[in-house]
Each structure stands twice: as structure tokens, then as C-alpha cells.
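# next input, structure requested:
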Amino acid sequence: MSELRRREFLLGAGALASAPLISSCSRGGDEPVQRPAGVPVGPFDAKSTAEQVTEGIDLSGRTALVTGATSGLGLETLRVLTLRGAHVIATGRTLDKAEAACASVSGQTTPLALELERWDTVAAAAEQVRALGMPIDMLICNAGIMALPELEQVNGVEKQFAVNHLGHFVLVHRLLDQVRAAPQGRVVMVSSMGYRWAPESGIEFDNLAGTRGYEPNRMYGQSKLANALLSLELAQRLQGTAATSNAVHPGVINTNLGRHFEAWKRVAAGLIGWTFMKSVEEGAATTAYVATAPALAGVSGQYFEDCNPVVPMAGKHMEDQQLATRLWSESEKLTAAYLA
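Next up, the predicted model:
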């Protein structure tokens, strides 16, 4: 087989194998994008990078906290925010990893150990941040895990929900006063278009242990829906203040978030990922834009894709305020021992 034919075969096979991943994680080309009324639409799009969307913005004197800042989107977010002058508190699962991430960028940084599946470390990390005595201008909840092949639990809760949602819930809860103390504090929740995979009921409050019909993507979708609902409820609770909360979908990016995928999906992503995936620089753009854009100073409770606000798919609970309020209440019960 010639080299050209071999490449064509690999590309075709990779595309066929990746079809479920592409269709599940990305917006279909024929699906119209709806914009929420009254929310500014900027000049950026799916190809914009984090550097481009922050160009000309001076973040000197501002402080950001980024979870999962040791690799992938978190590391790029750390790099670009420090490039623009921000002091970034960078969290990693170990202090060594956080220190290495901070050493890899130029600018003012503070490394911090925080393991989202261990809520005691989340509480301890939050207390270290509080002890710094400074407002948090940008609280970016970026870290997460995806598609665990087998059911795992944390404190009796399915692990993806425990890590992606409840770990961040404890952090946000404990640092909210510092976000409010900033001139215009912003919480940015990295959600995902994977919210579409969530159970039909949205959040299965009677199955948070995950023992009934565990399916990796379904549980991931539930955790990402929970991220967005946390942001929605938080926006309500921040009304009357200068602080805001919004959720973002960064796009499909070939990072270690997909380390639990089956081997064939990882191979396919390596073969043809460039045809449909964003680069890390592009993937971090929506987070960076929502965290810094002056035009979004008064925007709260919205969902963003490709650096602009979009109306989520109908019937998937993303705008279900009643569900968001209940989720907040249930999350408080589940993490009560770790809240301030």
C-alpha cells in the first residue's frame, strides 16, 4: 500500500471510529445558534485563542484562581492570565505539580495543592487563599475528570459528580466572600456541551451514588449539567452585587481529560483530531474571554460557547432555575462538614 493510500485509509478509519465522539461533543453543523437577548456578542469565534481574546486587557492588580492549572486548558489559562499581568493562584493535585506549572510561566503566581475528590483538601486550600487577605477577581473552576470506565465513589457519591461538581461547590462556597470583595468578581464554571448526555430528569438525586445503571458519559453529562446549574443558581444569589457567574463550554480538545476513553478513541483522536478538535490555545479562549472581557462586566447566569453567549439546547435543564436551587440545597447537605 502506498504512503498516500495508507494515510487515506487511516484518516477514513479514524473518522469512522470517532464519529460518536464528534457528534456527542460538538454542535451539529445544521443546528442554528441562538443568542440570548441583551447579552453582548463579541468579535471572537471558535478559532480565536486565549491570547487574542485578552489582547490589550491589563490585568495588573487582579487575582485569579484556576483549578487544574497543571496541564491542558488550565495551564494555558494560567499562562495567558499571567501574561496579561494577573496574579494567578494555580491549583494542582499536588504541590509539586502546582509549583512546576507556576515555574513554567512568567509572572506572579502562587502554587496551591487542591485535590477535588478530597473535600478536606479543598477546604484547606480555600483557607490558605483566605489567609492571603486579597479579593478574588476571577475564580475559574476548570479541573475535572471524564468518562470513568467503572463506577467509583467519593464519600458515597459517584466520582465524576463528586469531583467535577461537589469539589468545586465547596471551593466556591468558601471563597464567595472574596469574590464579592473584588471590584467586579467573576466566577467561571467550565461546563461542557456534554450536558446533553445527562439523565432525562437532569440530576438523579435518588441515584447520586451511581449504582443504578452506571454509564460513563451519562454520569459525566450529569456532572457538567451540575456545573452549569451551580453557575445559574450562583448568579441568582449574586444579584444586587457587582459579582457575576457564568458557565462555558471550551470545545473539544485533545487533552488528558480523555485519558479514560477506550484505546480506539484515543488513537482516533491522535490520528484525525486536528480535523475537528480545537487546539489548547483555542480551547482556553472562551474561559479567558468570559473571565476578562470588559463588555461582560454586568453579564451573569449565561452559557458561552466559542467566545459568545448561546441559548442551551431546549429540554436539557440548563435553564431550569428550580432544579438549580434544589441542586444547591442538596449539595450543601452532601458537603456540610466542609463548608465554612
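# going by C-alpha atoms from here, please, whenever you check contacts or count neighbours.
Noted.
# quick one, phi/psi of the residue lying closest to E115 once chain neighbours are set aside?
Closest residue to E115 apart from its sequence neighbours, by C-alpha to C-alpha, 6 or more residues apart in numbering: R93 at 4.8 Å. Per-residue torsions, R93: phi -70, psi -20 (degrees, to the nearest 10).
# how far away is R93 from V172?
Separation of R93 from V172 (C-alpha to C-alpha, to the nearest Å): 17 Å.
# which of those two has more neighbours?
The residue with more neighbours, out of R93 and V172, is V172; 23 against 20, by other C-alpha atoms under 10 Å.
# contacts for the helix or strand hosting the more buried one?
If you go by DSSP states H and E, V172 is part of helix 168-181. Applying C-alpha atoms under 8 Å, 6 or more residues apart in numbering, the contact partners of helix 168-181 are 116, 119, 122-123, 126-127, 130, 134-139, 141, 185-187, 230, 241-243, 331, 335, 338-340.
# buried ones among those?
116, 119, 122-123, 126, 130, 135-139, 141, 185-187, 230, 242-243, 331, 335, 338-339 (16 or more other C-alpha atoms under 10 Å).
# tell me which entries of these lie within strands.
M138, L139, C141, R186, V187 (DSSP state E).
# can you redo these as JSON lines with pLDDT and distance to T77?
Output for those, formatted as JSON lines (pLDDT from 0 to 100; distance: C-alpha to C-alpha, whole Å):
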{"residue": "M138", "pLDDT": "99", "distance to T77": "11"}
{"residue": "L139", "pLDDT": "99", "distance to T77": "12"}
{"residue": "C141", "pLDDT": "98", "distance to T77": "11"}
{"residue": "R186", "pLDDT": "98", "distance to T77": "15"}
{"residue": "V187", "pLDDT": "99", "distance to T77": "14"}
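# contacting residues around the residue nearest to E115?
Going by C-alpha under 8 Å, 6+ apart, R93 touches G68, A113, L114, E115, L116.
# also A198?
Each residue near A198 by C-alpha under 8 Å, 6+ apart is listed here: R218, M219, Y220, G221, Q222, S223, L225, K316.
# tell me the spacing between the fourth one and S201.
Read it as G221. Counting by C-alpha to C-alpha, the separation of G221 from S201 is 12 Å.
# looking at those two, which one has more neighbours?
Set side by side, G221 and S201 show more neighbours around G221, with 26 against 12, by other C-alpha under 10 Å.
# low-confidence ranges, the protein, go.
1-31, 254-276 (pLDDT under 70).
# where along it do the helices fall?
For the chain, applying DSSP state H gives helices covering 3-25, 50-54, 72-83, 95-103, 119-131, 159-160, 168-181, 216-237, 263-272, 280-283, 285-292, 321-334.
# tilt between the fourth one and helix 72-83?
In this case it means helix 95-103. Counting by axes from the mean of the first three to the mean of the last three C-alpha atoms, to 10 degrees, helix 95-103 lies at 50 degrees to helix 72-83.
# pull helix 95-103 out as PDB, backbone CA atoms only.
C-alpha atoms of helix 95-103 as PDB (Å, rounded to 0.1, in the frame of the first residue of the first chain):
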ATOM      1  CA  LEU A  95       2.000  21.000  45.500                       C
ATOM      2  CA  ASP A  96       4.900  19.700  43.300                       C
ATOM      3  CA  LYS A  97       2.700  19.800  40.200                       C
ATOM      4  CA  ALA A  98       1.400  23.200  41.000                       C
ATOM      5  CA  GLU A  99       4.900  24.500  41.600                       C
ATOM      6  CA  ALA A 100       6.100  23.100  38.300                       C
ATOM      7  CA  ALA A 101       3.200  24.800  36.500                       C
ATOM      8  CA  CYS A 102       3.900  28.100  38.100                       C
ATOM      9  CA  ALA A 103       7.600  27.800  37.200                       C
END
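# fine by me, thanks again.
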